[in-house]
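Q: sharing a model prediction with you, sequence too.
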Amino acid sequence: MKVEQISREDIERVVKKRLARNQENNQIIDERVEAIVNNVRKDGNQAVYQYIKQLDGVELDDYKVSQEEIDYAFTQVDESLVQILKEAKENIANYHKLQKEQSWYTNDQQGVWLGQQVRPIERVGVYVPGGKAAYPSTVLMNILPAKVAGVEQVIVTTPVQRDGSVNPTTIVAAYMAGADEILKIGGAHGIAALAYGTENVSSVHKIVGPGNAYVARAKKYVFGDVGIDLIAGPSEVCVVADDEANANFVAADLLAQAEHDELASAIAVTTNKQLADEIQSEVDRQMKKLNRQEILQQSINNEGAIYVVSDLNDAFEFVNELAPEHLELQVRNPFEQLEKVKSAGAIFLGDYSPEPLGDYFAGPNHTLPTSGTAKFSSPLGVYDFMKKSSVIYYNEQALSSVRSQIEQFADEEGLDAHKESVRIRFD
Ligand SMILES: NC(=O)c1ccc[n+]([C@@H]2O[C@H](COP(=O)([O-])OP(=O)(O)OC[C@H]3O[C@@H](n4cnc5c(N)ncnc54)[C@H](O)[C@@H]3O)[C@@H](O)[C@H]2O)c1
Ligand SMILES: N[C@H](CO)Cc1c[nH]c[nH+]1
Ligand SMILES: [Zn+2]
């Protein structure tokens, strides 16, 4: 993991170069994704089964998880883990209940009644990643806000494992969170099946959930035909560390994100060169003891970096340019620094709020904007599962009092039928 000293003038260039690397990867992936999505849209099941065979290495007869498989999954998961899932579920549901918006109406007592009706989306697809690891936590994070919003039908899709099954904890978590159906379709073909439906699956109205670059680009490609939540691609962490930070903690937190994906990005930004060197050697030392060596080596060597800046203001300049998925502030008085953050998916304060606390347990959602998209988007939340309709009521007298304004406006736009629709009610 390289250590690089950067000045204020370098920050924009360094961050833009990092984000541009993503764009280059994306161009190659986009061509592949386009072909997969279009083939599933055209050929339905036949294409789905063919991609499951080609990309996931499994010949399936049925990609729906059956009741027998659900029952069997419950026999495979330890009671202690079920208990943990229940606690996490409670924390996540409680946090998300606070996000629920209500419909509202105004009544001016003069015959005008306006409002905003809030309704859940009816049918939602949840992508749960499962290529390199299974993510039961992501199941909870994506289904629970949908259920809090009142979504009627939640269809989960996740890659099939080599033996033709789905990870049992994923199934148990999906069942506990209220999934209506679980499909064994990963990657871009999973996204296409949800977006356009197949002979066995009705299409959904919106697709949520993180995944690798193929999944993230497929979501972007189907957007418009269905809704999507946000671009949640390979994981990222940026740790801001001042001279009081603990190098062991910082290194451990960098590795915790790096282990997700070869393309995961783990960055430390520090004001202290000596700490940077300590973090670097700690990463090397700790990495040797971990599983997933191949992924760790690649992500740490290619995507990881430790930047040394001259002061905390420069550190926040860097952060706001990067807009990382996860930001950790391992600095003195982190609460005082919080207001300097303009763009980040989730912000972890202090030495004892490591990012995995948020991944599994605290309650806020772990599906977060990546690749700089935190500059304009927010964590997955109940609001992603709700839509709004405007409500308008005028009585006869109220309409009569504004008819001339509307008629003149319609004249101005040359829209006679608009004018007539008002006039006809009175003349
Ligand atoms: N942002 C979040 O909240 C969050 C949460 C969990 C995981 N993640 C991220 O999700 C990702 C999970 O990735 P993953 O790979 O483990 O699982 P995944 O389910 O996202 O992707 C696996 C699928 O990708 C497809 N695929 C793989 N190589 C392909 C190729 N060359 N061409 C076409 N399709 C291909 C396969 O069909 C496979 O089923 C990681 O990047 C991790 O960082 C993010
Ligand atoms: N850190 C991931 C989001 O980038 C979420 C996750 C799930 N399980 C473990 N981690
Ligand atoms: Zn994680």
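A: Arrived safely. Ligands and ions are numbered 1, 2, ... in the order given.
Q: and residue 393, that's in a helix?
A: No. Residue 393 is assigned strand when assessed by DSSP: H, G, I helix; E, B strand; the rest coil, not a helix.
Q: run a quick neighbour tally on it.
A: 12 (other Cβ atoms under 10 Å). The way it works is simple: take the backbone N, C-alpha and C, and place the C-beta from them, glycine included.
Q: helix, strand or coil for the residue positioned nearest the centre of the chain?
A: In the chain, the centroid-proximal residue (Cα atoms, centre = their mean) is residue 367; its distance is 3.5 Å. Secondary structure, three-state DSSP: residue 367 is coil.
Q: for it, what are its contacts?
A: 138, 141-142, 208-210, 229-230, 232, 379-380 (Cβ atoms under 8 Å, 6 or more residues apart in numbering).
Q: next: residue 114.
A: Here residue 114 is in contact with 105-106, 390-393 (Cβ under 8 Å, 6+ apart).
Q: ok, now residue 253?
A: 237, 239, 328, 354-355.
Q: now, those residues that are in strands?
A: Here DSSP state E is the test, and those give 237, 239, 328 as lying in strands.
Q: and the residue nearest to residue 179 when sequence neighbours are not counted, how many neighbours?
A: Excluding the flanking residues, the one nearest residue 179 by Cβ to Cβ, 6 or more residues apart in numbering is residue 156, at 4.6 Å. Counted with other Cβ under 10 Å, residues neighbouring residue 156 total 29.
Q: tell me the confidence at residue 156?
A: If you check residue 156, the pLDDT there is 98.
Q: same check on the one 10 residues further on?
A: Model confidence at residue 166, expressed as pLDDT, equals 97.
Q: and if you look at residue 349?
A: 98.
Q: OK, contacts around it?
A: 329, 334-335, 338.
Q: grab the nearest non-local neighbour of the residue of the stretch 251-400 of the chain found nearest ligand 2.
A: Across the stretch 251-400 of the chain, no residue is closer to ligand 2 than residue 359, which sits at 3.6 Å (Cβ to the nearest ligand atom). Nearest residue to residue 359, sequence neighbours excluded (Cβ to Cβ, 6+ apart): residue 366, at 4.9 Å.
Q: now the contacts of residue 253 in TSV, with distance to ligand 1, neighbour count and pLDDT?
A: Shown next, in TSV, are those (distance: Cβ to the nearest ligand atom, whole Å; neighbours: other Cβ atoms under 10 Å; pLDDT from 0 to 100):
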residue	distance to ligand 1	neighbour count	pLDDT
237	11	27	98
239	17	28	98
328	16	29	98
354	16	19	98
355	11	21	98
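Q: filter the contacts of residue 349 down to the buried ones, ChimeraX style.
A: Of the contacts of residue 349, the buried ones can be selected in ChimeraX as follows, counting by 16 or more other Cβ atoms under 10 Å:
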select :329,334
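Q: with respect to residue 163, which of the contacts of residue 349 is nearest?
A: residue 329 (43.0 Å; Cβ to Cβ).
Q: thought residue 340 was touching that closest one, still the case?
A: No. Residue 329 lies out of contact with residue 340 (Cβ atoms under 8 Å); the separation is 9.2 Å.
Q: pLDDT-wise, which helix or strand of the chain ranks last?
A: helix 8-43 (a mean of 92; mean pLDDT, DSSP states H and E).
Q: show me what that one is packed up against.
A: Packing contacts for helix 8-43, counted by 3 or more Cβ pairs under 8 Å, 6 or more residues apart in numbering; DSSP states H and E, involve helix 45-56, helix 187-196, helix 213-222, helix 312-322.
Q: among those, which comes closest to residue 20?
A: helix 312-322 (12.7 Å).
Q: follow-up on the earlier one: so which of the helices and strands packed on helix 8-43 is the most packed in?
A: helix 187-196 (a mean of 29; mean count of other Cβ atoms under 10 Å).
Q: can you add distance to ligand 1 and neighbour count and give the contacts of residue 367 back as JSON lines?
A: Below are the contacts of residue 367 laid out as JSON lines (distance: Cβ to the nearest ligand atom, whole Å; neighbours: other Cβ atoms under 10 Å):
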{"residue": "138", "distance to ligand 1": "5", "neighbour count": "27"}
{"residue": "141", "distance to ligand 1": "7", "neighbour count": "31"}
{"residue": "142", "distance to ligand 1": "9", "neighbour count": "32"}
{"residue": "208", "distance to ligand 1": "10", "neighbour count": "27"}
{"residue": "209", "distance to ligand 1": "8", "neighbour count": "29"}
{"residue": "210", "distance to ligand 1": "3", "neighbour count": "28"}
{"residue": "229", "distance to ligand 1": "10", "neighbour count": "27"}
{"residue": "230", "distance to ligand 1": "9", "neighbour count": "22"}
{"residue": "232", "distance to ligand 1": "4", "neighbour count": "31"}
{"residue": "379", "distance to ligand 1": "9", "neighbour count": "23"}
{"residue": "380", "distance to ligand 1": "8", "neighbour count": "27"}
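Q: contacts only, for residue 227.
A: 121, 205-207.
Q: make it 7 Å
A: Going by Cβ atoms under 7 Å, 6 or more residues apart in numbering, residue 227 touches 205-206.
Q: pairing partners for the helix or strand that contains it, with directions?
A: If you go by DSSP states H and E, residue 227 is part of strand 227-228. Using DSSP bridges, the strands paired with strand 227-228 in its sheet are strand 206-208 (parallel).
Q: could you list the residues in contact with the partner strand?
A: For strand 206-208, using Cβ under 7 Å, 6+ apart, the contacting residues are 121, 124-127, 142, 191, 194-195, 219, 226-229, 380, 384.
Q: name the SS class of residue 203, please.
A: coil.
Q: didn't it look like it was pressed against residue 191?
A: No. Using Cβ atoms under 7 Å, residue 203 is not in contact with residue 191, being 11.4 Å away.
Q: quick one on the thing from earlier: leaving out chain neighbours, which residue sits closest to the residue nearest to the centre of the chain?
A: residue 380 (3.9 Å).
Q: Provide the secondary structure category for the one you found.
A: coil.
Q: just give the number of residues close to the closest residue to residue 247 other than its chain neighbours.
A: Excluding the flanking residues, the one nearest residue 247 by Cβ to Cβ, 6+ apart is residue 278, at 3.7 Å. Neighbourhood size, residue 278 [other Cβ under 10 Å]: 20.
Q: in the stretch 301-427 of the chain, what residue lies closest to ligand 1?
A: residue 367 (4.1 Å).
Q: next one: phi and psi at that residue?
A: The phi/psi pair for residue 367 (degrees, to the nearest 10) reads phi -90, psi 110.
Q: on the three-state scheme, residue 3 is what?
A: Note that with three-state DSSP, the state of residue 3 is strand.
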